[in-house]
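Student: Next come a sequence and a model predicted from it.
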Amino acid sequence: MEASSVRASGLNVRAVRAASFSPSTVLFVRLAVVAYAALASAAAVFDYAGFRSARFDLGNAVQAIWSTNHGRLLETTGVRGDQISRLGVHVEPLLVLFAPLWLIWSSPVLLLVAQAAVVSAGALPVFWLARKHLGSERAAAYLAVAYLLYPATQWTALDPNTGFHAVSLALPLLLYSIWWLDEERWLRFVAVAVLAAASKEELPLVVGCLGIWYGLSRRRPIVGSAIFATGVAATAVDFLYVIPHFSPNGANPFAGRYAALGTTPGEILEGAIFHPLKAAEIILTTHKLAYLALLVVPLLGLCFRAPLLLLATVPALAINLLSSSPDQTSIQTHYSAATAAVLFGAAIFGAARTTIDRRRLSLAVLASVAATALISPLWVAVPVARKAIADSPLVRAERHAVGLVPNGAAVSASNALGAHLSARRRTLLFPVIHQANWIVVDTADTEGAPSFHIAVQRLLRAGSFAKVYESNGVVVMRRVGTATR
C-alpha cells in the first residue's frame, strides 16, 4: 500500500469502523482466542504435571523470578553450578514483571498459562490489521484463525520440550507493536515495543527495524530513524555491555555457535557482512531451507510483497540461520517467535497490495496454514497428559521424589525433574553436585542415561550420599557428609 493510501485509510477507517463492525465476527475471533488459550494452557499444565517441562528452560525462568523476589535480581544457577545473573545468558528483563505475580501464584504453571494466553492474544492485532487493510472482517477472521493454527504459533504458545521462554511473548507483542505503530497511537506503541524489546537481546533491533518500515511508508523519516536508532543502540548495549558484564567469563555463552564467522559479536557481524560466501555456505543447508519454507510457504509468500516490513525479520533470522545449533532453525522451538510475528504482519500488508479477492486470498492462506498445522506440539503433549491423568507409576514416583526435598535445600536434579525444584537459591543440573545436599534424578532420563545410573552408583559407593528413595528408575539421595565441591 502506497504512503498516500495508508494515510487515506488512516483518516477514513475511524469514521467507518463503527458501521463496519460485525458483532458476530468479532465474537467468533474472541471465542477462538479464548478456546485456543484454554487448550494450550491445559496442555501445558498437563505437560508440567507429567514431568515433561524441563529445568532448561522453564526452571531457569522460575529460579530467576524467585531470586528476584528474594533480593537477587534474576539470579540463577548456571550449568556449571555457579550462581550467575540471567542477564549474562539472555537479556530478558521482562521476567521481572512476573515477580509480583509470583507472590500471588507461586507455581511454574503461572508462566505456562501466561505464555499460552498472551501468545493466543496475538490473533487480535492480526484481525485488526487485516480488517483495516483488507476491508473485510471475514477475511480478517480467516487470517486470525490462520495465526492460531500456524505451526510457529503453536510451538511458541506450547513448548512441551522446554516449557517457557520470555522471547515467546515477543510474538504477540511485536504484532501489537505493528498495529499501534500503524495506528500512530504512540503511547501504546511505546509500551508494547518496550515489552517486546525486553524479551531478548536482539529484539530491540527487530523493533527498531519497524521504524524503517514506518518512516519510509508514511514518509516520516525523522520518526522512523529515531525508532531505528533506539533499537540499534539498545541491542548494541545488550550484546556489547550487558551480556559480557554479567557473564561469568565475560563472553557471550552462545558465541561458539558462530565460531565459523568469529568469536566476538563484532567479528561475527564482520564475518557475515564481508564474507558472504561463507555465510551462504552456513545458511544454505537442507535443514535451514526447510525451516524457511515452513515459515513462508503457508503464508503463500505474501510477505514478500511488503519488503520494508520484511526487513524486521533480518536480525532474528540472521541470528538463527548463522548458528550451528539445529534447534535455532527448527519450527518446533521458540526461536521463530519474532520472525513469525513480522511475517504475519508483512503477509497482511502484502495481501493488501494484490488485486485478488481478499476473502478468497485469506481463505487460501487459512487452507495453506491448516495443511501444515499438523506439525503441532499436541502430538507430544497429549501422550504426556494421558500419563499424568492416569497417574502412571513413573509420574507417581517423580511426584513423591520431588516432594521429599525440603523447601530451600540446595538440590541437584536431572533436567526432567528440575523444573519442579527450581524455586530456590541453588538448583543444579545433575550430574553437577557442588554444595547440593539433595539429589533427585531419573536414571532413565534421555539426556543422561546410562551415565546417570553410573554417576548414582559412584556417589553411593563413595559414601557421600545415602539413598532415600528409589522407584521406577527415580532416585533420591541425601548428603551424609559435609557439603563440599
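Tutor: Nice, thanks for sending it over. Numbers count the residues shown, from 1 in each chain.

Student: give the contact list for Ala196.
Tutor: Under the criterion of C-beta atoms under 8 Å, 6 or more residues apart in numbering, the contact list for Ala196 reads Leu169, Ala170, Leu173, Leu174, Ser177, Leu203, Val206, Val207. For the C-beta atoms, the positions are set from N, CA and C on the backbone; glycine is no exception.

Student: mind putting these in TSV, pLDDT and distance to Thr162 included?
Tutor: Below are the contacts of Ala196 laid out as TSV (pLDDT from 0 to 100; distance: C-beta to C-beta, whole Å):
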residue	pLDDT	distance to Thr162
Leu169	98	15
Ala170	98	16
Leu173	98	20
Leu174	98	21
Ser177	98	25
Leu203	98	19
Val206	98	22
Val207	98	25
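
Student: and which of those is nearest to Thr285?
Tutor: Top of the list for closeness to Thr285, among the contacts of Ala196 and by C-beta to C-beta, is Val206 at 23.7 Å.

Student: Downstream of the helix or strand harbouring the closest one, the next helix or strand is which one?
Tutor: Taking DSSP states H and E as the criterion, Val206 maps to helix 203-217. Scanning forward in sequence from helix 203-217 by DSSP H and E, the next helix or strand is helix 221-237.

Student: Show me which residues of stretch 174-189 are buried.
Tutor: Leu174, Leu175, Tyr176, Ser177, Ile178, Trp179, Trp180, Leu181, Asp182, Glu183, Phe189 (16 or more other C-beta atoms under 10 Å).

Student: Just give me the residue right at the centre of this structure.
Tutor: Ser168 (2.5 Å; C-alpha atoms, centre = their mean).

Student: picking up where we left off before, for the buried residues of stretch 174-189, work out which two are farthest apart.
Tutor: Using C-beta to C-beta, the two most remote members of these are Leu174 and Glu183, lying 14.9 Å apart.

Student: if we can go back for a sec, for Leu421, state which of the buried residues of stretch 174-189 is nearest.
Tutor: Nearest to Leu421 among those, with distances taken as C-beta to C-beta, is Leu174, at 33.3 Å.

Student: The closest one: which element?
Tutor: For Leu174, the host element (DSSP H and E) is helix 170-183.

Student: Tell me the gap between that helix and the middle of its chain.
Tutor: From the chain centre to the centre of helix 170-183 is a distance of 16 Å (C-alpha atoms, centre = their mean, to the nearest Å).

Student: before we move on, what about stretch 109-123?
Tutor: How far stretch 109-123 lies from its chain's middle: 11 Å, per C-alpha atoms, centre = their mean.

Student: Equivalent analysis for stretch 71-89, please.
Tutor: A distance of 19 Å separates the centroid of the chain from that of stretch 71-89, by C-alpha atoms, centre = their mean.

Student: again, but for stretch 364-377
Tutor: Taking mean C-alpha positions (C-alpha atoms, centre = their mean), stretch 364-377 and its chain are 20 Å apart.

Student: Now do the same for Val468: helix, strand or coil?
Tutor: What DSSP: H, G, I helix; E, B strand; the rest coil gives for Val468 is strand.

Student: Switch the buried residues of stretch 174-189 over to CSV; also include distance to Tyr36.
Tutor: Supplementary listing: the buried residues of stretch 174-189 in CSV, determined by distance: C-beta to C-beta, whole Å:
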residue, distance to Tyr36
Leu174, 18
Leu175, 15
Tyr176, 17
Ser177, 21
Ile178, 20
Trp179, 19
Trp180, 22
Leu181, 25
Asp182, 24
Glu183, 24
Phe189, 25
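
Student: circling back to that earlier point, so who does the residue nearest to the centre of the chain touch?
Tutor: By C-beta under 8 Å, 6+ apart, Ser168 lies in contact with Gln115, Val119, Thr156, Ala157, Asp159, Ser199, His334, Ala337.

Student: What is the helix holding Leu174 packed up against?
Tutor: Applying 3 or more C-beta pairs under 8 Å, 6 or more residues apart in numbering; DSSP states H and E, we find helix 170-183 packed against helix 109-120, helix 123-134, helix 151-157, helix 186-197, helix 203-217, helix 337-352.

Student: To Pro326, which of those lies closest?
Tutor: Relative to Pro326, the nearest member of the helices and strands packed on helix 170-183 by C-beta to C-beta is helix 151-157, separated by 14.6 Å.

Student: Who are the contact partners of the residue lying closest to Val192 once chain neighbours are set aside?
Tutor: Setting aside the residues directly before and after it, Val192 is nearest to Tyr176 in space (C-beta to C-beta, 6 or more residues apart in numbering), at 4.3 Å. Neighbouring residues of Tyr176 by C-beta under 8 Å, 6+ apart: Gly122, Pro125, Arg188, Val192.

Student: Would you confirm that Val296 contacts Ala346?
Tutor: No: if you go by C-beta atoms under 8 Å, Val296 and Ala346 don't touch, sitting 10.0 Å apart.

Student: who touches both of the two?
Tutor: Cys303, Phe304.

Student: the more surrounded of those two?
Tutor: Ala346 (26 against 19; other C-beta atoms under 10 Å).

Student: Quick one: residues contacting Ile178.
Tutor: Pro125, Leu129, Leu210, Leu309, Ala341, Val342, Gly345.

Student: counting contacts, what elements does the host helix or strand of Asp47 pack onto?
Tutor: Element membership of Asp47 [criterion: DSSP H and E] is helix 23-49. With contacts defined as 3+ C-beta pairs under 8 Å, 6+ apart, the packing partners of helix 23-49 are helix 109-120, helix 123-134, helix 137-149, helix 151-157, helix 378-390.

Student: picking up where we left off before, for the helices and strands packed on helix 170-183, could you give me TSV that also reports distance to Leu277?
Tutor: Output for these, formatted as TSV (distance: least, C-beta to C-beta, whole Å):
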stretch	distance to Leu277
helix 109-120	38
helix 123-134	38
helix 151-157	29
helix 186-197	33
helix 203-217	25
helix 337-352	24
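
Student: Can you tell me which of those is nearest to Leu289?
Tutor: Per C-beta to C-beta, nearest to Leu289 of these: helix 337-352, 14.7 Å.

Student: re earlier: ranking by neighbours, what's the top pick from the contacts of Tyr176?
Tutor: Greatest neighbour count in the contacts of Tyr176, by other C-beta under 10 Å, goes to Gly122: 29 neighbours.

Student: OK, contacts around the residue nearest to that residue when sequence neighbours are not counted?
Tutor: The shortest distance from Gly122 to any non-neighbouring residue, by C-beta to C-beta, 6+ apart, is to Pro172 (3.2 Å). By C-beta under 8 Å, 6+ apart, the contact set of Pro172 is Val118, Val119, Ser120, Ala121, Gly122, Pro125, Ala341.

Student: sorry, back to before: could you give the separation of the helix holding Asp47 from the chain centroid?
Tutor: Distance, centroid of helix 23-49 to centroid of chain: 18 Å (C-alpha atoms, centre = their mean).

Student: Now that helix: buried residues?
Tutor: 25-26, 28-29, 32-33, 36-37, 39-41, 43-49.

Student: For the helix or strand just after that helix, which helices and strands make contact with it?
Tutor: The C-terminal neighbour of helix 23-49 among helices and strands, as given by DSSP H and E, is helix 60-69. Counting contacts by 3+ C-beta pairs under 8 Å, 6+ apart, helix 60-69 is packed against strand 75-77, helix 98-104, helix 109-120.

Student: One more pass at 6 Å, please.
Tutor: On a contact count with 3 or more C-beta pairs under 6 Å, 6 or more residues apart in numbering; DSSP states H and E, helix 60-69 meets strand 75-77, helix 98-104.

Student: Double-check that Ser168 belongs to a helix.
Tutor: Yes: Ser168: assigned to a helix according to three-state DSSP.
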